[in-house]
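Asks: give me a model of this one.
(one chain, ligands or ions: 1)
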Amino acid sequence: MLPAVVKLCCGISYPHVRSATGLERIAMAAIGQEIAHMSKGGVLTVPRWASAVGQLRSVPHSGEKSEVLTKRPVALREEELAYVKQGQEALQKALDIVEDKTGWKIEISEKNGDVIYSKTLPGSRKVFRLEAVLDASPEELHDHLFVRVEQMKQWNPNIRNIRVLKQIGDSTMVTHEVSAETPGNLIGQRDFLSVRHCSKQKSCIYLAGMATELESYPPLKGFVRAQDGPTCIIIQPTGDDTGRSRFTWLLNMDLKGWLPKSIVNQALPRAQADFTCYLRRHLSAGSELRQH
Ligand SMILES: CC(C)CCC[C@@H](C)[C@H]1CC[C@H]2[C@@H]3CC=C4C[C@@H](O)CC[C@]4(C)[C@H]3CC[C@]12C
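Replies: Alright, predicted model coming up:
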């Protein structure tokens, strides 16, 4: 019965399959594999694509399902470890850049005390370092920027979408980010595939990131795949009992595509300043809600 249904479906969908692109194709290939597996009556192990769309995060409800989830191929574990390692490396590399105090120039100095510094690294990449004090504890910021990363698009209009494709424990994930259109669309939309890693040391929280690869996630059609990182955000309590945090963010981004350097080097610190502004607005909206 199942093979007959599959054949029928294939017949009906053939013209659509031929015209499908990008993600649609990936989804169809994955579903196809799964059906083929079911029709063979084979043992179900978690297919590689399932982890790529975050299925592994869900806690199994029935005993039967949990058996399915525990039969994870060893290769996947190794792959997960590789992402954790890449996340740790990103943090180390980003910290090396931030902690080298030489060669930083003030790029933007805001009235509220925020300062964005810039520095040109060997190889002529310009990186930016924002220093700000935010009215939130390190834990709150960790929650907004890491734990609830998928919700960032709700409060930051520069972000069109963020999806967690893989969650590896509490501290590492693979995310797909899409930036929003810029005014006048001078810089087209970008998409990023990044490993994001969080590390806590005493009262200090580090969020690191770096461009990565995921077999089942090639660049989206119509987007230029940019590369983020090695980048990091360092969040420390100000230590004055006000519950505020010192926020240091290294923006190290290769936007790719054909863009004049002067445009990129203006857009990046602007995006960083805007990001901080939206974050502040989001934090104060949250604290107002709590007060009422
Ligand atoms: C200049 C234009 C084209 C790009 C502007 C969009 C930039 C500012 C956006 C796109 C994707 C965004 C990132 C997406 C995800 C994270 C992870 C989070 O833990 C900290 C913030 C961080 C690192 C965002 C910073 C801002 C970001 C880099």
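Asks: check the chain for its longest strand and report it.
Replies: If you go by DSSP state E, the chain has its longest strand at strand 190-201.
Asks: near the ligand, which residues of the stretch 1-150 of the chain are found?
Replies: By C-beta under 6 Å from any ligand atom, the residues of the stretch 1-150 of the chain that approach the ligand are 145-146, 149. Bear in mind the C-beta positions are built from the backbone N, C-alpha and C, glycine included.
Asks: closest to residue 192 out of those?
Replies: Checking those against residue 192 by C-beta to C-beta gives residue 149 as the nearest, at 12.2 Å.
Asks: burial count for the closest one?
Replies: Residues contacting residue 149 under the criterion other C-beta atoms under 10 Å number 19.
Asks: same check, this time on the one 4 residues further on
Replies: Residue 153 has 17 neighbouring residues, counting by other C-beta under 10 Å.
Asks: kindly report the same for residue 112.
Replies: 10.
Asks: same thing with residue 162?
Replies: Burial measure for residue 162: 19 neighbouring residues, criterion other C-beta under 10 Å.
Asks: is the ligand contacted by the helix or strand that contains it?
Replies: In this assignment (DSSP states H and E), residue 162 forms part of strand 159-168. Yes: contact of strand 159-168 with the ligand (C-beta under 6 Å from any ligand atom) involves 159, 162.
Asks: next SSE after that strand?
Replies: Taking DSSP H and E, what comes next after strand 159-168 is strand 172-179.
Asks: got the angle for that next one vs strand 159-168?
Replies: Angle, strand 172-179 to strand 159-168, by axes from the mean of the first three to the mean of the last three C-alpha atoms, to 10 degrees: 170 degrees.
Asks: for strand 172-179, buried residues please.
Replies: Residues 172-179 are the ones in strand 172-179 that count as buried (16 or more other C-beta atoms under 10 Å).
Asks: which stretches of the stretch 151-292 of the chain have low pLDDT?
Replies: Applying pLDDT under 70 to the stretch 151-292 of the chain flags the ranges 288-292.
Asks: so which bits of it are right by the ligand?
Replies: Counting by C-beta under 6 Å from any ligand atom, the stretch 151-292 of the chain sits next to the ligand at 158-159, 162, 177, 179, 182, 187, 190, 192, 196, 207, 209, 228, 233, 255, 267-268, 271, 275.
Asks: and the strands in the stretch 51-200 of the chain?
Replies: Assigned by DSSP state E, counting those that start in this stretch, the strands in the stretch 51-200 of the chain fall at 105-109, 115-120, 126-134, 159-168, 172-179, 190-201.
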